[in-house]
Structure formats: C-alpha cells, structure tokens
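A.B. asks: The following block contains a protein sequence and its predicted model.
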Amino acid sequence: MENYAGGSLDRKTVLIDLMVTHEPDVWNYAFSLTRSEELANDITQEVFVKAYEKLDSFRGESSIKTWLLVITRNTVINYRRSAFFRKVILIDYMFDRGTHPSAEKEVLDKIVIEDIWRIILNLPIKLREVLVLYVQQHLSISEIACLIGVSEATVKSRLYRARNKVSNFLKQEGDLDGKA
C-alpha cells in the first residue's frame, strides 16, 4: 500500500486494491452528498476511473482514502454543476449494509438508522459533509479541513452545529412521540 506514490506496483493491481478497500467509503460519501443511490453509483465509478488515470499524481502527502474522498467531493461538485444533476430527484435514503443476528434487531436497527440518516441528509450541505466525513468516514478534523479546504476551526464549528441540529431534532421527535 505504501507503494502507490512510488509507482512500484502494477497500475491494474493498485486499482483493484483501491476499489476493494475503499469503494464502500467512496460510495457512502458520494451518497451522503447527493442523496441518490444512482448518482452515488455513477460517481463511485467515475472516481475510480479518475484515480486510475491520475495514479501518478498521488504524492502520498495524505492517506489514499483522503485522496479518493477529495476526488469524490470534486466529482460531486462537477455533477451538481451539470444540468443532469439538477434533474435528478433526491429521494432515496441510506441503509445499513451490514447483517444482523435477528429479524427483530434488523428491523429496529433499520428504523433507527433510517431516522438518523433522514435527519443527517436534511442538514445543510456544509454541516452534513463534515458530519459524514467525521462519523462515517472516520477522518480527523485536520483531514476534513484539508479535504474541503477550510480551517480546522471551521470544521470544528460545523461539526458542533451539525451535532446540535441532529440532537435537537431527535429531542423534538422524542417529545412528539412522548405526547402521542
């Protein structure tokens, strides 16, 4: 893995390794930004094509995951600018892809996950993006700042605001459920 930047591995082998290792992260990040499974699929494919074409430009200054997520973010931005993206209806929600030991647990987990992701996906993009990168992609504050091109203080502020919005919304829903 250290040899990506040095080019000592065969490009096809590197691409396959990148796809096997990082496809779920790229897809989930693309989905969190677009809220569309179809777009996330298209963007994920495009990201790996771009990564393959630009393998020689990876300098190893960040992790390979961070590099792929930067490509993902830029690809999403380009899609947003296109007329194609403007015509897509963003209605699908993210589901947990894992397996669960019992049907009851699976149903409960799915409901909780859907509720939380519904809230997250309705956050403003700047708040949603940092929350997804931090919670789902497990990037550090400094990695997020580098990836989206803002200061660490801005990332911390957005993360704080995103968490508060999600927390307040969950409390609100809890109050409504308690009164029913």
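C.D. replies: In hand now; what should we look at? Numbers count the residues shown, from 1 in each chain.
A.B. asks: Check the residue nearest to the spatial centre of the chain and give its pLDDT.
C.D. replies: Centroid-nearest residue in the chain: Tyr29, 1.6 Å away (criterion: C-alpha atoms, centre = their mean). Note for Tyr29: predicted pLDDT of 93.
A.B. asks: my guess is it contacts Asn74, does it?
C.D. replies: No: between Tyr29 and Asn74 there is no contact, the gap being 11.7 Å when judged by C-beta atoms under 8 Å. Just so you know, the C-beta spots here come from the backbone N, C-alpha and C atoms, and that holds for glycine as well.
A.B. asks: follow-up on the earlier one: could I get the helix or strand the residue nearest to the centre of the chain falls within in CSV with only the CA atoms?
C.D. replies: Tyr29 belongs to helix 11-34 when assigned by DSSP states H and E. Output of helix 11-34 as CSV, limited to C-alpha atoms (Å, rounded to 0.1, in the frame of the first residue of the first chain):
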residue,chain,number,x,y,z
ARG,A,11,-1.5,0.0,-12.0
LYS,A,12,-4.2,-2.6,-12.5
THR,A,13,-3.3,-4.3,-9.2
VAL,A,14,-3.4,-0.9,-7.5
LEU,A,15,-6.8,0.0,-9.0
ILE,A,16,-8.3,-3.4,-7.9
ASP,A,17,-6.8,-2.9,-4.4
LEU,A,18,-8.2,0.6,-4.2
MET,A,19,-11.7,-0.5,-5.3
VAL,A,20,-11.8,-3.4,-2.9
THR,A,21,-10.5,-1.4,0.0
HIS,A,22,-12.2,2.0,-0.5
GLU,A,23,-15.3,1.5,-2.6
PRO,A,24,-17.7,1.5,0.4
ASP,A,25,-16.2,4.7,1.7
VAL,A,26,-16.3,6.4,-1.7
TRP,A,27,-19.9,5.3,-2.3
ASN,A,28,-21.1,6.3,1.1
TYR,A,29,-19.5,9.7,0.9
ALA,A,30,-20.9,10.3,-2.6
PHE,A,31,-24.4,9.2,-1.4
SER,A,32,-24.2,11.5,1.6
LEU,A,33,-23.5,14.4,-0.7
THR,A,34,-26.0,13.6,-3.4
